[in-house]
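Peer 1: Here is the input, now give the coordinates:
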Amino acid sequence: MNERHAGAPGLVKEVTSLANPLVKDIKALAQKKFRDQQNAFMAEGLKLVIDALDLGWQIRTLVFAKAGRGNAAVEKVAARTVAAGGTVLEVSEKVLVAITRRDNPQMVVGVFSQKFLALKDIRADNGDVWVALDRVRDPGNLGTVIRTIDAVGAKGVILVGDTTDPFSVETVRATMGSIFAVPVARATTEAFLAWRGGFSGLVAGTHLKGAVDYRSVDFSRGPVLLMMGNEQQGLPESLAASCDRLLRIPQAGRADSLNLAVATGVMLFEIRRGALKLEPIVDQQ
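Peer 2: Numbers count the residues shown, from 1 in each chain. Prediction:
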């Protein structure tokens, strides 16, 4: 491993070996037990890393491909990483492929400290919208919901029970960077229900037994908490019973249910139309 001064302050370590301990530690973040042990996670892409730094996330390691040497934006991010006390690694393509487990990896990867919002610190004001997800299993679903929460301007997500990891590589990819903009809280079912008892606004959940069309509800009064159930089982009775309103999304075709992320998106944009009172979103990507 060689060290050199970059256009940025501090040292850049050049790494070409897969056996390098720093590379091994970053590769290990693909597994939840190591993410938990290190309280860290990986995010891919220069824009995501810049967004994370702008939003105040703590960067531990910046990894970039040799092709990024001399790139002004990469050099600037390297300088910011060193200034924040992080390590900068310039790596070969084979190392980057091994770290990301992708044949065509992004040129830049950042390793960040995880961040959770404590349930007790959530303060829901008028117009605020929060989403509670019960035992969500699929990282793509969770990532898409987090991205949608960001898109509609809702305040954050509460993960209830045994859920998929919001900081897994798959979830972070699916958020398209929104993991850095959307506060994430987590709680046991018991702790969540105790917190829900102090929630002053409307608590609505989608349920197969829901008798109320989601389009007929007035979401404009006070904060809103939207509860969405597990992909296979929906809301359990304990959570359904704690809802003020159980809602349904009418189905016109033969399908009797929607994908969790799609259903959450439908609900959030309807709530947005009422409670959030924002201009319509027209850009799509």
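Peer 1: From what I see, Pro166 and Val184 are in contact.
Peer 2: Yes: with contacts counted by Cβ atoms under 8 Å, Pro166 reaches Val184, the gap being 5.1 Å. Quick note: C-beta positions are derived from backbone N, CA and C, even for glycine.
Peer 1: which one of those two has more residues nearby?
Peer 2: A count of neighbours by other Cβ atoms under 10 Å puts Pro166 above the other of Pro166 and Val184, at 24 against 18.
Peer 1: In a strand, the more buried one, correct?
Peer 2: No: counting by DSSP: H, G, I helix; E, B strand; the rest coil, Pro166 falls outside a strand, being coil.
Peer 1: List the contacts of it.
Peer 2: Leu142, Ile146, Val157, Leu159, Val172, Ile179, Val184 (Cβ atoms under 8 Å, 6 or more residues apart in numbering).
Peer 1: Common neighbours of Pro166 and Val184, please.
Peer 2: Taking Cβ under 8 Å, 6+ apart as the contact rule, Pro166 and Val184 both touch Ile146, Val157, Leu159.
Peer 1: Which phi and psi values does Val63 adopt?
Peer 2: Backbone torsions of Val63, given as degrees, to the nearest 10, read phi -120, psi 130.
Peer 1: Can you tell me the closest non-neighbouring residue to it?
Peer 2: Spatial nearest neighbour of Val63, chain neighbours left out: Val109 (4.3 Å); criterion: Cβ to Cβ, 6 or more residues apart in numbering.
Peer 1: Would you mind listing the buried residues in the helix or strand containing the one you found?
Peer 2: Using DSSP states H and E, Val109 sits in strand 108-113. Neighbour counts using 16 or more other Cβ atoms under 10 Å place Val108, Val109, Gly110, Val111, Phe112 of strand 108-113 among the buried residues.
Peer 1: Pull out the buried positions in stretch 42-50.
Peer 2: Met42, Ala43, Glu44, Gly45, Leu46, Leu48, Val49, Ile50.
Peer 1: Kindly provide the whole-number mean pLDDT of that stretch.
Peer 2: Averaged over stretch 42-50, pLDDT sits at 95.
Peer 1: Restricting to C-alpha, output it in CSV.
Peer 2: Extracted as CSV, the C-alpha positions of stretch 42-50 are listed here (Å, rounded to 0.1, in the frame of the first residue of the first chain):
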residue,chain,number,x,y,z
MET,A,42,-21.6,1.7,2.5
ALA,A,43,-23.1,4.1,-0.1
GLU,A,44,-22.1,4.1,-3.8
GLY,A,45,-21.8,7.1,-6.1
LEU,A,46,-20.2,10.6,-6.0
LYS,A,47,-23.5,12.4,-5.8
LEU,A,48,-24.7,10.3,-2.8
VAL,A,49,-21.4,10.9,-1.0
ILE,A,50,-21.6,14.7,-1.6
